[in-house]
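Enquirer: For reference, the sequence and a predicted model appear below.
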Amino acid sequence: METLLQADHVSYSYHNLSGETPALSDITFSVKKGEFLSLVGPSGCGKSTLLSLLATLLKPESGTVTIQGRIGYMLQKDHLFEWRTIWKNVTLGLEIQKRMTQENLARAQQMMKDYGLWEFRDARPSELSGGMRQRAALIRTLVPDPDLLLLDEPFSALDYQTRLHVCDDVCRIIKKEGKTAILVTHDLSEAISVSDRVLILSHRPASVRRELPLSFTDSRLTPMARRQTREFQDYFNIIWKELNADESEI
Amino acid sequence: MKARSEKLTLQEAYVQSHHRHHRLVGLCRFLCFFTFLSAWELCADLDIINSFIFSSPSRIAYTIFLMWQDGSLFLHTGVTLLEILISFVLVAIVSLGTATLLWCSRTLSEILEPWLVILNSLPKSALAPLLIVWLGSGMRTIIIAGMSVALFGSVISVCTAFRESAPEKIRLIYTLGGNQAQVLYCVIFPESLPAIISILKVNIGLCLVGVIIGEFLSARQGLGYLIIYASQVFKLNYLIAALIILCVIAFGLYQIIARLEHRVRKSRQAQP
């Protein structure tokens, strides 16, 4: 299958007057079209930095990142603008990229209808529930038709119950739209329930500790259903041990 | 009728008590005003206070009537109002423009920071005599005097408001492929609009102060001129009349901006 993203020996450090803080060291991985990859690691290990590099918001200090196609980035919070209606929020990307064509607007409209937000097109963000807001944020990311989605802990701002629902929701949408995605999370069960492959990162400066392909007997399970399976438990234990081994090495 | 009033819901009771409260405040405000005016008038008529120095409401009303008749009321008020509005609009434009530049370039803002701080803390009334020597007496000088009082503080405040925008929202625009101009247009301006309106509210008062200082020093028209002229020839009826007109202007301008603020806040709020 076609490789969408290739990261080669990527390193990055933050600089300030009191010194240098290495954040990433020699990270190499690739993502194929249609794949769902999760990055897990201890908090503060540089996961978000890695995502910023992939999104070309930062430039790697050494190494290269090659991406085929457009990128869509979903942040931790929805950051819907209160001074815009939901419709105006969802079409923000098209407006910025000056791609407000009939065809693109029609797609945005169709997505809002498909995912139950069309009745709220003229509402303000504050009138929506947390889950609906996150869905609106996802549609905002999807409307410019990106080839690769970068999800930066997109559920961490939600309460646990909403989180499970929204996670199911978002995964269904991503699968249905046939997108490739990279999810950054510190929630192991979330990573296992949604992805095809998990990349375990080490402590700061982060490097790839282990790559773990996931396979479930029934490949069409929803994230919620995956949580009930035996494989889920096993994968959880493997990743948990890996992370703790990293902890004890320090 | 009685049966109905017994069925008063809690909501209706709340609305009634709310209105009652507002009526009470309104009535007390009017009574204060009325008592003050009557006491003043009475004291002046009974020679408890010297009416030549303290004037009286009836004399002031008569003075304003005379000024209305000979047209000087509109001339002085109009000139002052025009100067205030021009300097207010110019301050708004210049400070928004400058703050945008300073936001765009961190280096420029660091270079200019000491200048802004010094110019802002300088008592601007001290600048007015210099402005007259440089620019001559006339409306231009007065407008610049009006601007000088509000401008520097306004630039600093607007710039601070711009900087307070959430970095994550700015990041969002960049992740959608936007540039700095789009960050300004899509995030910074709309997000700091409420702060900008509060700054405008302060500015209008400061412009009023600056314009009156300017008129004190160099003017042939305007309320500031009228105040200085009246004090020099001891026409205190005119002086106090001018002060009262100034109060009305200040109140009116403040109300206009307060309305604007209310409207912006309402349009931002979710419709129930």
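Expert: Arrived safely, thanks for sending. Numbers count the residues shown, from 1 in each chain, chains lettered A, B, ... in the order given.

Enquirer: what residue ranges in chain A are flagged as low confidence?
Expert: For chain A, the stretches with pLDDT under 70 are A:1, A:249-250.

Enquirer: How is the residue in it that chain B sits nearest to classified with respect to secondary structure?
Expert: Chain B sits closest to residue A:73 of chain A, with a gap of 3.6 Å, by CB to the nearest CB. From N, CA and C alone the C-beta is placed, and that goes for glycine too. Under DSSP: H, G, I helix; E, B strand; the rest coil, the three-state class of residue A:73 is strand.

Enquirer: correct me, but it touches residue A:154?
Expert: No. Using CB atoms under 8 Å, residue A:73 makes no contact with residue A:154, being 10.0 Å away.

Enquirer: okay, the two: which has more neighbours?
Expert: residue A:154 (26 against 23; other CB atoms under 10 Å in any protein chain shown).

Enquirer: For the more buried one, pull up the helix or strand it's in.
Expert: Using DSSP states H and E, residue A:154 falls within no helix or strand.

Enquirer: In contact with it, which residues?
Expert: A:74-76, A:134, A:137-138, A:170, A:183 (CB atoms under 8 Å, 6 or more residues apart in numbering or on different chains).

Enquirer: so what's the residue positioned nearest the centre of chain A closest to, chain neighbours aside?
Expert: Nearest residue to the geometric centre of chain A (CA atoms, centre = their mean): residue A:151, 1.7 Å. Nearest-residue entry for residue A:151: residue A:183, 4.4 Å, with adjacent residues in sequence omitted and distances by CB to CB, 6 or more residues apart in numbering or on different chains.

Enquirer: What pairs with whichever strand or helix holds that neighbour, parallel or antiparallel?
Expert: According to DSSP H and E, residue A:183 maps onto strand A:180-185. When pairs are called by DSSP bridges, strand A:180-185 turns out to pair with strand A:36-40 (parallel), strand A:148-152 (parallel).

Enquirer: Residue of the stretch 51-200 of chain B closest to chain A, please.
Expert: Counting by CB to the nearest CB, the stretch 51-200 of chain B gets nearest chain A through residue B:175, at 3.6 Å.

Enquirer: ok, for that residue, nearest residue in space, not its chain neighbours?
Expert: Nearest one to residue B:175, counting by CB to CB, 6+ apart, is residue A:73 at 3.6 Å.

Enquirer: Residue A:41 versus the one you found, what's the distance?
Expert: 19 Å (CB to CB, to the nearest Å).

Enquirer: what's near enough to touch residue B:60?
Expert: Here residue B:60 is in contact with B:237, B:240-241, B:244 (criterion: CB under 8 Å, 6+ apart).

Enquirer: Compare the residues you listed and tell me which is most surrounded.
Expert: Most surrounded of the contacts of residue B:60: other CB under 10 Å gives residue B:241, at 27 neighbours.

Enquirer: Who are the contact partners of that one?
Expert: With contacts defined as CB under 8 Å, 6+ apart, the neighbours of residue B:241 are B:60, B:63-64, B:67.

Enquirer: how many neighbours does the residue lying closest to it once chain neighbours are set aside have?
Expert: Counting by CB to CB, 6+ apart, residue B:241 lies nearest to residue B:63, which is 4.7 Å off, once chain neighbours are set aside. By the criterion of other CB under 10 Å, residue B:63 has 22 neighbours.

Enquirer: Which element is encountered next along the chain beyond the helix or strand containing residue B:63?
Expert: Following DSSP H and E, the helix or strand that holds residue B:63 is helix B:57-69. Next along the chain after helix B:57-69, taking DSSP H and E as the criterion, comes helix B:72-104.

Enquirer: circling back: ok, the residue nearest to residue B:175 - contacts?
Expert: By CB under 8 Å, 6+ apart, the contact set of residue A:73 is A:51, A:55, A:141, A:149-150, A:152, B:172, B:175-176.

Enquirer: most surrounded residue in these?
Expert: Comparing the contacts of residue A:73 by number of neighbours (other CB under 10 Å), residue B:172 comes first, having 28 neighbours.

Enquirer: Just the CA atoms of the strand or helix carrying that one, as PDB, please.
Expert: Using DSSP H and E, residue B:172 maps to helix B:167-175. These are the backbone C-alpha positions of helix B:167-175, laid out as PDB (Å, rounded to 0.1, in the frame of the first residue of the first chain):
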ATOM      1  CA  PRO B 167      -2.400  30.700  21.500                       C
ATOM      2  CA  GLU B 168      -4.300  27.500  20.700                       C
ATOM      3  CA  LYS B 169      -6.800  29.400  18.600                       C
ATOM      4  CA  ILE B 170      -4.000  31.000  16.600                       C
ATOM      5  CA  ARG B 171      -2.500  27.500  16.200                       C
ATOM      6  CA  LEU B 172      -5.800  26.300  14.800                       C
ATOM      7  CA  ILE B 173      -5.700  28.900  12.000                       C
ATOM      8  CA  TYR B 174      -2.100  27.800  11.100                       C
ATOM      9  CA  THR B 175      -3.200  24.100  11.100                       C
END
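
Enquirer: And the contacts of it?
Expert: Contacts for helix B:167-175 (CB under 8 Å, 6+ apart): A:55, A:57, A:71-73, A:75-77, A:79, A:81, A:96, B:182-183, B:186-188, B:191.

Enquirer: Show me where the stretch 101-250 of chain B has its helices.
Expert: B:106-121, B:128-135, B:139-163, B:167-175, B:180-183, B:189-217, B:223-232, B:236-268 (DSSP state H, counting those that start in this stretch).

Enquirer: Rounded mean pLDDT for the longest one, please.
Expert: Across helix B:236-268, the average pLDDT comes to 91.

Enquirer: ok, the closest residue in space to residue B:139 that isn't next to it in sequence - how many residues close by?
Expert: Excluding its sequence neighbours, the residue lying closest to residue B:139 (CB to CB, 6+ apart) is residue B:83, at 6.3 Å. By other CB under 10 Å, 28 other residues sit near residue B:83.

Enquirer: does residue B:83 really touch residue B:213, like I thought?
Expert: No. Using CB under 8 Å, residue B:83 makes no contact with residue B:213, being 11.4 Å away.

Enquirer: Residue B:231 contacts residue B:237, correct?
Expert: No. Using CB under 8 Å, residue B:231 is not in contact with residue B:237, being 11.7 Å away.

Enquirer: which residues does residue A:166 contact?
Expert: Residue A:166 touches A:130-131, A:134-135, A:155, A:158, counting by CB under 8 Å, 6+ apart.

Enquirer: can you narrow those to ones near chain B?
Expert: Contacts with chain B are made by none of the contacts of residue A:166, judged by CB under 8 Å from any CB of the partner chain.

Enquirer: can you tell me which of the residues you listed lies nearest to residue A:198?
Expert: Within these, the smallest distance to residue A:198 is 16.4 Å, found for residue A:155 (CB to CB).

Enquirer: Tell me which residues touch the closest one, please.
Expert: Residues in contact with residue A:155 (CB under 8 Å, 6+ apart) are A:134, A:163, A:166-167, A:170, A:185, A:187, A:190.

Enquirer: can you tell me which of those residues lies nearest to residue B:151?
Expert: Lowest distance from residue B:151 to the contacts of residue A:155 (CB to CB) belongs to residue A:134, with 43.9 Å.

Enquirer: which strands and helices sit next to the strand or helix carrying that closest one?
Expert: If you go by DSSP H and E, residue A:134 is part of helix A:130-142. If you count contacts as 3 or more CB pairs under 8 Å, 6 or more residues apart in numbering or on different chains; DSSP states H and E, helix A:130-142 packs onto strand A:71-74, helix A:86-90, helix A:92-96, helix A:102-114, helix A:160-176.

Enquirer: chain center to that helix: distance?
Expert: 13 Å (CA atoms, centre = their mean, to the nearest Å).

Enquirer: neighbouring contacts of it?
Expert: A:72-75, A:78-80, A:86, A:89-93, A:108, A:111-112, A:115-117, A:120, A:125, A:128, A:149, A:154-155, A:157-159, A:162, A:165-166, A:169-170, A:173, A:177, A:179.
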